[in-house]
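Asker: quick one, fold the following:
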Amino acid sequence: MAVTAQSRARSDVQPRLRVLQSFRTPRTTTNPYLVQLRDALGASADVRTFSWRAALLEPFDVLHVHWPEVVVERRSRVRHLAACVLFALAVRRASSRGRVLVRTVHNLAPHEEPDRASAAVLRSCDARTAWWIRLTDRTPVPDEARVTTVPHGDYVAWFADRPRAEVVPGTIAYVGLIRPYKGVEDLLDVVATMPDPGLRLVVAGSPADDETRRVLEQRAAADPRVVLDLRYLDDTALVERLTSAELVVLPYRRMHNSGALLLALSLGRPVLAPRTDVNTDLAHEVGERWVQQYDGDVSADAIRRALEAVRADPHPAPPDLSARTWPVVADGHLAAYRDALELARGRVAR
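Answerer: Numbers count the residues shown, from 1 in each chain. Prediction:
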């Protein structure tokens, strides 16, 4: 469902919505997507971050859920089960008495297999979702009549005041959290087969666990061209690592939407990523030079071809992210919230 001038005008004359987001008060490690969403919505709605008290006792119009499995994630099994019970109650409350649950579908499935309690939470959340938000039309939802597509917002303003590094020719980089499905070990193996002495690989980010760290360190030890920076990166370090790369490589074993890809583009760095319908659409949107793609697994040939394509156009126009500014993103969310409420309160016949 497109965001129209009519829907924007409608939000100007109706009462401010009370929106409860499913993430807690942001910390320095919080995904900037969520922080920017909260701030952009705050211009037109009363937005609160999550607490059990707010979800179970305090007034709101919309509960906006992003990753249900994250809401109930706890280190202790007992606390995890308690969180599942409480969230089930919150979901039930959010779908009663004129309130609505709106859910953003960020991925096709959770990145890690949920346990039985988390799976039950996901089913309950799906069953009681009044309206869906998706980041691309390529994402399937249970009911196409109850969905709004709102593109993933950019990170341009978020990192605007961070100093950029000079591009180091021959440097390719993976930057971000290192989780099994992202295939960083595969990238190390591929680089090991590339004899080019001018090639340099930077892997920067926090590994998911000690075993992942051990594997990365073991595979990198024999190649002096590989630089490992295995830690949580603050914004300054993140920008430095990304902007020094000639090419950002995302060797994911599976990919649908990717905040990491949008982050690199927001910093003006070209990306090599798996060929998917979503990434092909993005390449058409922002410019083909900025989103290089590979078929199957990441390979030496794919990296070489991507570097050649990037070097063939050394002074390109910036990637076109005009459809992903946060005022546009906020408008799309507000339209979805109001459509969900109108449907729930019987003001729209469908």
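
Asker: which stretches of the stretch 101-250 of the chain form strands?
Answerer: Under the criterion DSSP state E, counting those that start in this stretch, the stretch 101-250 of the chain contains strands at 131-134, 147-149, 171-175, 200-204, 226-229, 247-249.

Asker: whichever helix or strand comes after the last one vs strand 171-175, what angle?
Answerer: Meaning strand 247-249. The element immediately downstream of strand 247-249 (helix or strand, assigned by DSSP states H and E) is helix 259-266. Taking axes from the mean of the first three to the mean of the last three C-alpha atoms, to 10 degrees, one finds helix 259-266 and strand 171-175 inclined to each other by 130 degrees.

Asker: what residues does helix 259-266 touch?
Answerer: 31, 33, 152-156, 158-159, 175-176, 242, 248, 250, 270-271, 273, 279, 282, 286, 290-291, 319, 321, 324 (C-beta atoms under 8 Å, 6 or more residues apart in numbering). Quick note: C-beta positions are derived from backbone N, CA and C, even for glycine.

Asker: restricted to helices, list those residues.
Answerer: 33, 242, 279, 282, 286 (DSSP state H).

Asker: would you check how far apart the nearest residue to Gly153 once chain neighbours are set aside and Arg338 are?
Answerer: With C-beta to C-beta, 6 or more residues apart in numbering as the criterion, Gly153 has its nearest non-adjacent residue at 4.2 Å, and that residue is Val329. Val329 is 15 Å from Arg338, where distance means C-beta to C-beta, to the nearest Å.

Asker: before we move on, what about Glu185?
Answerer: To Arg338, Glu185 is 46 Å away according to C-beta to C-beta.

Asker: outline the domain layout of the chain.
Answerer: 5-153+325-344, 171-321 (automatic domain parsing).

Asker: output those domains in TSV, with distance to Arg164, mean neighbour count and mean pLDDT appended to each entry.
Answerer: Formatted as TSV, the domains of the chain follow (distance: least, C-beta to C-beta, whole Å; neighbours: other C-beta atoms under 10 Å; pLDDT from 0 to 100):
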stretch	distance to Arg164	mean neighbour count	mean pLDDT
domain 5-153+325-344	17	17	93
domain 171-321	4	18	97
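
Asker: in JSON lines, list those domains along with distance to Ala165.
Answerer: Listed next are these as JSON lines, based on distance: least, C-beta to C-beta, whole Å:
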{"stretch": "domain 5-153+325-344", "distance to Ala165": "19"}
{"stretch": "domain 171-321", "distance to Ala165": "4"}
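
Asker: quick one: distance of the one helix or strand Glu69 maps to to the chain centre.
Answerer: Secondary structure assignment for Glu69, by DSSP H and E: helix 68-71. How far helix 68-71 lies from its chain's middle: 15 Å, per C-alpha atoms, centre = their mean, to the nearest Å.

Asker: ok, the closest residue to Arg254 other than its chain neighbours - contacts?
Answerer: Distances taken as C-beta to C-beta, 6+ apart put Tyr181 closest to Arg254, at 5.8 Å, once the chain neighbours are dropped. By C-beta under 8 Å, 6+ apart, the contact list for Tyr181 reads 111, 252-254.

Asker: same thing with Ser258?
Answerer: So Ser258 contacts 250, 252, 273, 279 (C-beta under 8 Å, 6+ apart).

Asker: from Gly176, how far out is the second one?
Answerer: I take that to be Tyr252. For Tyr252, the distance to Gly176 - C-beta to C-beta - is 11 Å.

Asker: between those two, what contacts are shared?
Answerer: Lys182.

Asker: returning to that earlier point: now for the host helix or strand of the residue nearest to Gly153, which elements pack on it?
Answerer: Val329 belongs to helix 326-344 when assigned by DSSP H and E. Here helix 326-344 touches helix 5-13, strand 17-21, helix 32-41, strand 62-65, strand 100-105, strand 131-134, strand 147-149, going by 3 or more C-beta pairs under 8 Å, 6 or more residues apart in numbering; DSSP states H and E.

Asker: measure stretch 52-60 end to end?
Answerer: The first residue of stretch 52-60 is 13 Å away from its last residue (C-alpha to C-alpha, to the nearest Å).

Asker: contacts for that stretch next, please.
Answerer: With C-beta under 8 Å, 6+ apart, stretch 52-60 has contacts from 18-20, 48, 63, 86-87, 89-90, 93-94, 99.

Asker: got the residues you listed as TSV, with distance to His106 columns?
Answerer: Formatted as TSV, these follow (distance: C-beta to C-beta, whole Å):
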residue	distance to His106
Arg18	23
Val19	18
Leu20	18
Arg48	21
Leu63	16
Leu86	22
Phe87	17
Leu89	24
Ala90	19
Arg93	23
Ala94	19
Arg99	22
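
Asker: check contacts around the closest residue to Ala330 other than its chain neighbours.
Answerer: Nearest residue to Ala330, sequence neighbours excluded (C-beta to C-beta, 6+ apart): Ala40, at 3.9 Å. Listed by C-beta under 8 Å, 6+ apart, the contact set of Ala40 reads 153, 326-327, 329-330.

Asker: and the residue nearest the centre of this protein?
Answerer: Gly259 (3.7 Å; C-alpha atoms, centre = their mean).

Asker: from Phe159, how far out is that residue?
Answerer: 13 Å.

Asker: which residues touch stretch 105-123?
Answerer: Taking C-beta under 8 Å, 6+ apart as the rule, stretch 105-123 contacts 66-69, 71-73, 80-81, 84, 87-88, 91, 132-135, 139-141, 179, 181, 256-257.
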